[in-house]
Structures are given as C-alpha cells and as structure tokens.
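Q: Here you go, sequence then predicted model.
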Amino acid sequence: MKYYKEAITHPVFNYVTQAADQLGINAYVIGGFVRDFFLQRENTDLDIDIVAIGSGIELAKKTAELLPHHPKVQVFKSYGTAMLKAFDIEIEFVGARKESYAEDSRNPAVEPGSLQDDQNRRDFTINALALQLNQANFGLLLDPFNGLEDLQQKLIKTPLEPGITYSDDPLRMMRAIRFASQLNFKIETKSLDAISENYQRLKIVSKERLVSEFNKIMLTKKPSKGIKLMHSTNLLPLFLPELTQLQGIDEVEGQTHKDNFWHTLEVVDNISRETNNLWLRWAALLHDIGKAPTKKFNKKNGWIFHGHEFIGAKMVYKLFKRLKMPLNDKMKYVQKLVLLSSRPIAIVDEEVTDSAVRRLIFDAGDYLEDLMILCEADITTKNPARFKRYHNNFKKVRKKIKEVEERDHIRNFQPPVSGSEIMQTFDLKPCKEIGIIKNTIKEAILDGDIPNEYEAAKKLMFRKAEELGLVNNNIDV
Ligand code: CTP
C-alpha cells in the first residue's frame, strides 16, 4: 500500500474529500492528473477527473455546496457526469461504471460498477492510476495494472486485451499514438498490432475528435514520430490520404524524383524546431500535396510537378472541409503558404528584378516571414555543400526583401488612390472601371513603373481614365 499525499495538495481536493466522506462514498482522482503527477509534467490546461463509487453527480453537487464560492454544477445526465469550475480548474465527476459498446458507436451502454470496473474501461494503464481522496485513505494509490511501472518503462499499454480497448473506442488508437509522441513513449507491440487490425474502425470516430488528437501530435517536438506510427498502422491513409499519396519514387529512363512523403515528414520536423505555430506546421505538412496529382515525366525536363502549388492550395480547402476543420483565416493562411511555397526560391537568382521581389512582398503580406521559415525548413538535402548553399541563397533572398521593403514600403500597401476618390473624380457609381484603374495603379507600382506615391498614382489614374473614356467632372482637382 503506497500513499502519495503530496500529489493532491491542491486545496480543491479537500472539498472533494469532505463531500465524499459526508456522503459516505469512496472517491478517487484518476487519469491525466495522476499520470502527469508521476511524470512530473507541467500541465498547462490542468483538469481533474474524479470517480465516485456511487453518483458522480451527487458528489459534484455536494462539493459545490462546500466550496466557498458555490460554483455552478453542469450536469450531463445522459452521461451520468457533472462538471464544476473551482480555482480556475475544471473538475469532472463520474460514477464508477462498466461499459459495453455496440459495433457502430463510440457511445457505450453504461451500468454502475466498482473502481476496478472503471479502471478496466480506461484507455491505458498509465491513465488508470487512481489516488483515493477519502480522509481514511487519503493519497492511497490504486494501480491494478502496474501503470506506474509502465510510466517508468515509458510504455503505452491497454488495461484489457488491446483489441477490446481499441475496438470499444477507436479514438484510442489515435490517443495511443498521440501519447507516444507527446511523452516519447513506446506503444507495446501487442497494442500496435491491435491498432493495425482495427484501423478501419477509425471511420466511426468524429472528424473533430480525430483532428483534435492529430493537432496534439502536430504540436509535439517531433511530429514525424506520431505520423510515422499512423502510417505504419494504416491510420494515415484514412485520415490524410493526400499525404500518403505522396509516397513512392518513380523511375523513367533512369530518372527518379524524391519521395515526397518522407521528405514532407522531414520538413515538418524541421519547422517544428523553429516554431510552435500549429498552422505553420500544417502548411509544412501540406506544402507538397499538389505533387501527387500533377506529377509528370517529360524527356526534356525529367520529372515535373507543374502548378502543384496552385493545385495544392485548392486541395487544402477540400481537405479542411472534409476534416470539418474551420474554413476560416487559418485555412486561408495555410492555403496561401502552400500557394507561395516555391516563390522565394524563384528570386534567388542574381538577375531577378526588384519587381519580382516587390510582388512576393505584396502577395505574402504579413505571412512573408512564415513563408521564409517554411522555405528554409524545406531544405532536406543530405549533401552538406548543397545544404549550405541553399541556406545561403535564402539569406540572400532575405537581404533582397529587406532592401526592397525599406525602399518601397510594399507590404500590405493600399494603392495610394482609393476607389472612392476615383468615383468622386469621375462622378461614378460602383462599376468595373474603378477596379480597372485601381489594378492598373497597383500593377504599375509592383512593376516599378511608378513610385508608391500619391501624386504619381493620381497622374496614372487620369491617364487610364482617359483611355477608358471617362470624363473628369471635377475640373479643379
Ligand atoms: N479516457 C479513456 N478513453 C478515451 C478518453 C479518455 O479511457 N477515449 C479516460 C482516460 O483514463 C483519461 C481520462 O479518461 O486519462 C481523461 O481523459 P482526457 O481528459 O481526454 O485525457 P487526459 O488523460 O486527461 O490527458 P490530456 O489532458 O493530455 O488529454
């Protein structure tokens, strides 16, 4: 019998202890909180899971009654759970239960059970550790599956036969891989085999939950670890077929191209050393997806992926939609980075005009720095001399960008003559000529034909308007 009182010093546990003792039921803290205590892991979004041998809802209500601020208890009757917030922590209460699952659903039929029943139904041994909260046994560890040992061995293992645990709730296949990536643990072989056997059951899991787990993998230090596990267990083609389609090397007339799947994983790891921005990591993951549908061989140029950035950007939209990810500015950001992913390399050339640089600055806007990070992460050559040369090239690109920017102030620029000024000058209602004039001014600035200044832009406005046959009604302007 081992006690770990030091794990449960947070003041909120006191109230749960009192509530459980007053109700005469046993209560335990279980799951992530206990696991992370033993791992000495900083938990940023701390939440606490409490199991009651009896009604979790009653225990939550009693705890709320005892807490000084009497927080509101949110009851989820159909799940038999309740939640309250205290000291900025979410505390979830559940009655210990047995679960049985139907073939096509993640929602089990539930009946009350013992602590052991409840631990049986949990996903992993490391998540089934429980500490008792009642005064008489405060801090007693209940660890029927040797979860503590698995924590030390860095092992992901299921409490029951893995086939049962994964088939019951297939989201756990993703969770296993997510925990393995986050904690740098190994999934035991039996468990990995069971995932490979049950992979098709991922289909019954909601897209939102899959994405949420996948994002946690993407936010780990080395996302390729999780993605490779998804790949070797067959989960990846179900979730991101666009990615697995990049796998393989073709050969025609002795010419090959690189394997863009394995290359992509390296790019994702590279970028993850530079940024915690989830969406920039996603951009790295998807930057080459347009290469599968555009791949062609021709005698003159060998393997080409003509327009893959454009096709890739379109695929980003479809992919986000399929995965029910929000089609918001994050999606547009990923799309734009994919679309522009080959542009910086095009201005490496010494001969390149300022106008190409200006256009890149204008097109990338606020995303320019992120685009450069993506391009640098894209360098995966194993040849040290080339590696150095490519990085130096991007240093030059950065320098050029800086020079042009300091001179021309192009980033996010608004054409110096506004649409309303054009309308006023020529007494126009909204019409296509306004767009034509504005665009002419923008193009002339980007091409360097006129400076990014009001007077020059206005002159051009008059010239273009004349060409379009517009009459200036405001002669003294
Ligand atoms: N659980 C489970 N099966 C799931 C989800 C959760 O058995 N599909 C159990 C595990 O015991 C888990 C607990 O419910 O520890 C709480 O789940 P959750 O809050 O999702 O995860 P944590 O383990 O707390 O980890 P994290 O906070 O990192 O998500």
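A: Nice, I can see it. Numbers count the residues shown, from 1 in each chain.

Q: and the residue of the chain found nearest the ligand, how many neighbours does it have?
A: Nearest to the ligand in the chain, going by C-beta to the nearest ligand atom, is residue 32, at a distance of 2.3 Å. In short, each C-beta sits where N, CA and C put it, glycine included. Using other C-beta atoms under 10 Å, residue 32 has 20 other residues around it.

Q: same thing with residue 190?
A: Counted with other C-beta under 10 Å, the neighbours of residue 190 add up to 12.

Q: On the three-state scheme, it is what?
A: Secondary structure assignment for residue 190 (DSSP: H, G, I helix; E, B strand; the rest coil): helix.

Q: That one contacts residue 164, correct?
A: No - shown here, residue 190 and residue 164 do not form a contact pair, counting by C-beta atoms under 8 Å, at 11.9 Å.

Q: Do you have the strands of the stretch 51-200 of the chain handy? List them.
A: 74-76, 81-86, 89-95, 97-100, 109-112, 130-132, 141-142, 155-156, 186-187 (DSSP state E, counting those that start in this stretch).

Q: Can you give me the distance of the residue of the chain closest to the ligand to residue 221?
A: 19 Å (C-beta to C-beta, to the nearest Å).

Q: tell me the pLDDT at residue 420?
A: Looking at residue 420, its pLDDT stands at 91.

Q: any bit of stretch 149-164 sitting next to the ligand?
A: No - using C-beta under 6 Å from any ligand atom, stretch 149-164 stays clear of the ligand, with a minimum separation of 9.0 Å.

Q: pLDDT below threshold where in the protein?
A: 44, 350-351, 473-477 (pLDDT under 70).

Q: residues from it in reach of the ligand?
A: Counting by C-beta under 6 Å from any ligand atom, the residues of the chain near the ligand are 31, 32, 49, 122, 123, 127, 169, 171, 172, 175.

Q: quick one: which of these is most hemmed in?
A: So for those (other C-beta under 10 Å), the most neighbours sit at residue 172, 28 neighbours.

Q: Now do the same contact list for it.
A: 123, 124, 158, 165, 166 (C-beta atoms under 8 Å, 6 or more residues apart in numbering).

Q: Find the pair from those with maximum spatial separation.
A: Within the contacts of residue 172, 124 and 166 form the most distant pair, 10.9 Å apart (C-beta to C-beta).

Q: what touches both of those two?
A: Joint contacts of residue 124 and residue 166 (C-beta under 8 Å, 6+ apart) are 158, 172, 176.

Q: what's in contact with the longest helix seen in the chain?
A: The single longest helix within the chain, with elements called by DSSP state H, is helix 384-408. Contacting residues not belonging to helix 384-408 are listed as 344-345, 347-348, 352, 354, 357-358, 360-361, 368, 372, 375-376, 379, 381, 410-411, 445, 451-452 [C-beta under 8 Å, 6+ apart].

Q: follow-up on the earlier one: make a markdown table from the strands of the stretch 51-200 of the chain and add mean neighbour count and distance to residue 317 to it.
A: Below are the strands of the stretch 51-200 of the chain laid out as a markdown table (neighbours: other C-beta atoms under 10 Å; distance: least, C-beta to C-beta, whole Å):
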| stretch | mean neighbour count | distance to residue 317 |
| --- | --- | --- |
| strand 74-76 | 14 | 35 |
| strand 81-86 | 20 | 36 |
| strand 89-95 | 21 | 34 |
| strand 97-100 | 16 | 38 |
| strand 109-112 | 13 | 40 |
| strand 130-132 | 24 | 45 |
| strand 141-142 | 20 | 49 |
| strand 155-156 | 22 | 35 |
| strand 186-187 | 19 | 33 |
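
Q: Can you lay out those strands as CSV showing distance to residue 394?
A: Supplementary listing: the strands of the stretch 51-200 of the chain in CSV, determined by distance: least, C-beta to C-beta, whole Å:
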stretch, distance to residue 394
strand 74-76, 51
strand 81-86, 48
strand 89-95, 44
strand 97-100, 54
strand 109-112, 57
strand 130-132, 52
strand 141-142, 53
strand 155-156, 39
strand 186-187, 37
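
Q: hmm, back to that, ok, and for the longest helix of the chain, which residues are buried?
A: The neighbour-count check on helix 384-408 (16 or more other C-beta atoms under 10 Å) flags 390, 393, 394, 397, 400, 401, 404, 408 as buried.

Q: Closest one of these to residue 471?
A: Nearest to residue 471 among the buried residues of helix 384-408: residue 408, at 32.8 Å, using C-beta to C-beta.

Q: neighbours of residue 246, just the number please.
A: For residue 246, using other C-beta under 10 Å, the count is 20.

Q: quick one: buried residues of stretch 218-230?
A: Going by 16+ other C-beta under 10 Å, stretch 218-230 has these buried residues: 218, 219, 220, 222, 223, 224, 225, 226, 227, 228, 229, 230.

Q: Stretch 112-123 now?
A: 113, 115, 118, 119, 120, 121, 122, 123.

Q: domains in the protein, as residue ranges please.
A: Following automatic domain parsing, one finds the domains of the chain at 5-153, 154-239, 419-467.

Q: among those, which is the most enclosed?
A: For the domains of the chain, the largest average neighbour count (mean count of other C-beta atoms under 10 Å) is found in domain 154-239, namely a mean of 19.

Q: now that one, how far from the chain's geometric center?
A: Relative to the chain's own centre, domain 154-239 is displaced by 16 Å; criterion: C-alpha atoms, centre = their mean, to the nearest Å.

Q: Excluding covalently adjacent residues, which one is nearest to residue 287?
A: Take residue 287 and drop its neighbours on the chain: the residue closest to it by C-beta to C-beta, 6 or more residues apart in numbering is residue 341, 4.6 Å away.

Q: does that neighbour really touch residue 375, like I thought?
A: Yes - the pair residue 341 / residue 375 is scored as a contact, 7.0 Å apart, by C-beta under 8 Å.

Q: Same list (the domains of the chain) but as TSV, adding distance to residue 337.
A: Below are the domains of the chain laid out as TSV (distance: least, C-beta to C-beta, whole Å):
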stretch	distance to residue 337
domain 5-153	27
domain 154-239	15
domain 419-467	20
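
Q: Compute the first-to-last residue distance for stretch 288-295.
A: 11 Å (C-alpha to C-alpha, to the nearest Å).

Q: ok now it, how far from the chain's centre?
A: Taking C-alpha atoms, centre = their mean, one finds the center of stretch 288-295 at 22 Å from the center of the full chain.

Q: Name the residues of it that are buried.
A: Those would be 288, 289, 290, 291, 292, 295, for stretch 288-295 by 16+ other C-beta under 10 Å.

Q: which pair in these spans the largest distance?
A: 289 and 295 (11.8 Å).

Q: elements contacting the helix or strand containing residue 458?
A: Using DSSP states H and E, residue 458 maps to helix 454-467. Contacts defined by 3 or more C-beta pairs under 8 Å, 6 or more residues apart in numbering; DSSP states H and E place helix 454-467 against helix 419-426, helix 432-447.

Q: ok, residues contacting that helix?
A: Against helix 454-467 from outside (C-beta under 8 Å, 6+ apart): 415-417, 422, 425-426, 433, 436-437, 440-441, 444-445, 450, 472.

Q: C-alpha coordinates for it, CSV please?
A: This file holds the C-alpha atoms of helix 454-467, laid out as CSV (Å, rounded to 0.1, in the frame of the first residue of the first chain):
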residue,chain,number,x,y,z
TYR,A,454,0.1,59.6,-54.3
GLU,A,455,1.0,62.2,-57.0
ALA,A,456,2.3,59.6,-59.4
ALA,A,457,-0.7,57.3,-58.8
LYS,A,458,-3.1,60.2,-59.4
LYS,A,459,-1.4,61.0,-62.7
LEU,A,460,-1.7,57.4,-63.8
MET,A,461,-5.4,57.4,-62.7
PHE,A,462,-6.1,60.3,-65.1
ARG,A,463,-4.2,58.6,-67.9
LYS,A,464,-6.0,55.3,-67.5
ALA,A,465,-9.4,57.1,-67.1
GLU,A,466,-8.9,58.9,-70.4
GLU,A,467,-8.1,55.6,-72.1
